[in-house]
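[1] Based on what follows, work out the 3D shape:
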Amino acid sequence: MASEALNLISEAWLPVRRKSGAYSIIRPAQIVEGFKDDPIVGFVWPRADFRIASFEFLIGLVATTCPPVDYRVWSKGWRSPPTVEELDEAFARVADAFWLDGPGPRFLQDHEDLQSGQELVERLLIDAPGESTVKRNADLFVHRGQVECLGRAAAAMALFTLQSWAPSGGAGNMTGLRGGGPLTTLVLPSEDASLWEIVWANVPAGKPVAVDNMDKVFPWMAPTVISGKAGTDVRAKENAHPLQCWWGMPRRIRLDFEKSDGKICDLTGQSDDVLVSGWRQRPYGPKYAGWIGMPYGAGWTIHPLTPRYRQKEGTEWLAVHPQPGGIGYRHWAGVVAESADQNRLPASCVANWRNERAELAGVLPNARLLTAGFDMDNMKARSFVESEMPLPGTHGQDQQKKIDRLALQCVGVAAQIADILRGSVREALFGKGTVSVDVTLLSNVRERFWAETEEPFFALLQDAAGEDGEDVALRKSWLQTLARAALQEFDATVILEPDMGITEAQRSALARRRLGAAVSGRGKEGEKIRDNLGLPAPVKKKQKTTEKVS
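    Okay, the predicted model is just below:
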């Protein structure tokens, strides 16, 4: 990179991989380059969080400058992407907001040149050990001192990732617009989708930013809205434009730049004439409020890429956050489809795809859902979780609603049986009420049950897509699948040994009997499972009568 100030619109800085395997560094408008012959298919950052954040950056950039106005425009953009020159022209309108360094406003950095002590550059990374961790010498898994300087490309993406997903960080360190560490969901239209297709599949419909709204969309273009006791909340349509959902700046940060003098970026290994050696911050940046129930286009959403939930009707909407072990079919309600009680809603990018765009694109059977984000424990990042699962679709709204109802019923019953399985294993091994159900052994039993039944779940939905009539047979088949998985997991965990005491053996037998009755639809637990799955009661076998011989 040249020693002049870096503009993230006009300069090449995004590391990408093409279908042929070729690696290159591009400016944002080049995402459509070689679309027919050798399209760009992904990013090659050395960190998974940068890769996901890069998708968010590009989707937000397109949503801000040249979004589809309606489904017709979207369909045209899917069939015939814009040219590099057309995107350059669209992006150039906001280029003044994308200077990373230089004398004017700086991308995602405070409007003022902050005066404070310098932070280590590695602390721009969400999972880097904090000051308290280092003082206690507790950085056992993510060690300090791994990153001492960053090239400007890596620094830009680290800054965007931190500002977009900012976790709680102590007094005055505000969380991101979606709350700390939100879940990001992305539609992958097909297994070999190009970067442009992924961006276009997830971009919401809307209108491009107007020139007179630049400072309301990009908060660093104006004096920072300070929070705290005497501060002001940042609210959509009051003192901020709804498009700021892509460009939230909760932290007051200024990067420190210096000449590289032959050093390279510790993260990417790339050379740059200018490196970021540290950063300064001040507390009480913008406090975002009221964005979770904000309307975006035709749908209500906290952010077009993040699902949301509420505890019950009338309570505050919250962003869904990543879970230990990742997101799987158990999270279907609220991540893929709206829950039956309407208290869990998928991201609008997922709803738009399933309701309209999948059929327009003609790739109904091939789409997948990518979910990712940091699993946070308050200020501590436990891990970065990322998972994929099929995103089945079908022709027609009525058929889609039918399959969604089936999916929600199947997931609900699986959750019931997972809980009964965990409780039965606890009773067998430890007796009732003596050990928490959250201990590692019991949690692992539940996790293995979910893993064993995930593939059959998606096979069931695929079969349901071809069904025109009632699907009672599919529901019965699903219950049988759950029963086999639950009993197999119980038997693999609760092993009867020859020297086992009578009490322990009886306890294990009773626990297995409870589980067997539930998964076969008998007893109170089994009856509830049948009702929730919409299955009739099992036919009782007639008892044989014996004649008295005279």
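[2] Only C-alpha atoms from now on, for both contacts and neighbour counts.
    Will do.
[3] Would you check how far apart the residue nearest to Ala92 when sequence neighbours are not counted and Glu56 are?
    Using Cα to Cα, 6 or more residues apart in numbering and skipping the chain neighbours, the partner closest in space to Ala92 is Ile9 (6.9 Å). When distance is defined by Cα to Cα, to the nearest Å, Ile9 is 15 Å away from Glu56.
[4] could you point out which element follows the helix or strand where Ala154 lies?
    If you go by DSSP states H and E, Ala154 is part of helix 152-165. With elements assigned by DSSP H and E, the helix or strand that comes after helix 152-165 is strand 184-188.
[5] Off-centre distance for that following strand?
    The chain centroid and the centroid of strand 184-188 are separated by 7 Å, computed with Cα atoms, centre = their mean, to the nearest Å.
[6] List of residues touching that strand?
    198, 201-202, 305-307, 335, 347, 349-350, 353, 367-373 (Cα atoms under 8 Å, 6 or more residues apart in numbering).
[7] cool, and stretch 102-122?
    For stretch 102-122, the surrounding residues in contact (Cα under 8 Å, 6+ apart) are 5-6, 97-101, 128, 145-150, 159-160, 163, 218-224, 247, 249, 252-255, 276-282.
[8] Would you mind measuring the gap between the ends of it?
    Start-to-end span of stretch 102-122 (Cα to Cα) is 22 Å.
[9] still on that earlier bit, the more surrounded of Ile9 and Glu56?
    Higher neighbour count among Ile9 and Glu56: Glu56, with 25 against 21, using other Cα atoms under 10 Å.
[10] quick one: contacts for the more buried one?
    Per Cα under 8 Å, 6+ apart, neighbours of Glu56: Trp246.
[11] State the distance from it to Trp200.
    Distance of Glu56 to Trp200, computed by Cα to Cα: 12 Å.
[12] In this structure Lys263 contacts Ser271, no?
    Yes - using Cα atoms under 8 Å, Lys263 makes contact with Ser271 at a distance of 7.1 Å.
[13] Okay, now stretch 255-271: how far is its last residue from its first?
    With Cα to Cα as the measure, stretch 255-271 spans 18 Å from end to end.
[14] And the contacts of that stretch?
    The contact list for stretch 255-271 (Cα under 8 Å, 6+ apart) reads 1, 45-46, 101, 109, 146-151, 154, 272-280.
[15] Number of residues surrounding the nearest residue to Ser10 once chain neighbours are set aside?
    With Cα to Cα, 6+ apart as the criterion, Ser10 has its nearest non-adjacent residue at 6.3 Å, and that residue is Arg27. By the criterion of other Cα under 10 Å, Arg27 has 17 neighbours.
[16] so Ser20 touches Asp38, yeah?
    Yes - using Cα under 8 Å, Ser20 makes contact with Asp38 at a distance of 6.3 Å.
[17] Settle it for me: which of these two has more neighbours?
    Counted by other Cα under 10 Å, Ser20 and Asp38 do not tie: Asp38 has more neighbours, with 16 against 11.
[18] Domain ranges for the chain, per the record?
    The chain breaks down by automatic domain parsing into domains covering 14-349, 395-533.
[19] Need the distance between the two termini of the first one.
    Distance across domain 14-349, first residue to last, is 23 Å (Cα to Cα).
[20] Same check on stretch 218-236?
    End-to-end distance for stretch 218-236: 13 Å, by Cα to Cα.
[21] again, but for stretch 485-504
    Termini of stretch 485-504 sit 23 Å apart (Cα to Cα).
[22] from the middle of its chain, how far away would that stretch be?
    In terms of Cα atoms, centre = their mean, the centre of stretch 485-504 is set 38 Å apart from its chain centre.
[23] what do you get for stretch 402-420?
    Put simply, stretch 402-420 sits 21 Å off its chain's centre (Cα atoms, centre = their mean).
[24] Same question for stretch 162-169.
    Counting by Cα atoms, centre = their mean, stretch 162-169 comes out at 15 Å from the chain centroid.
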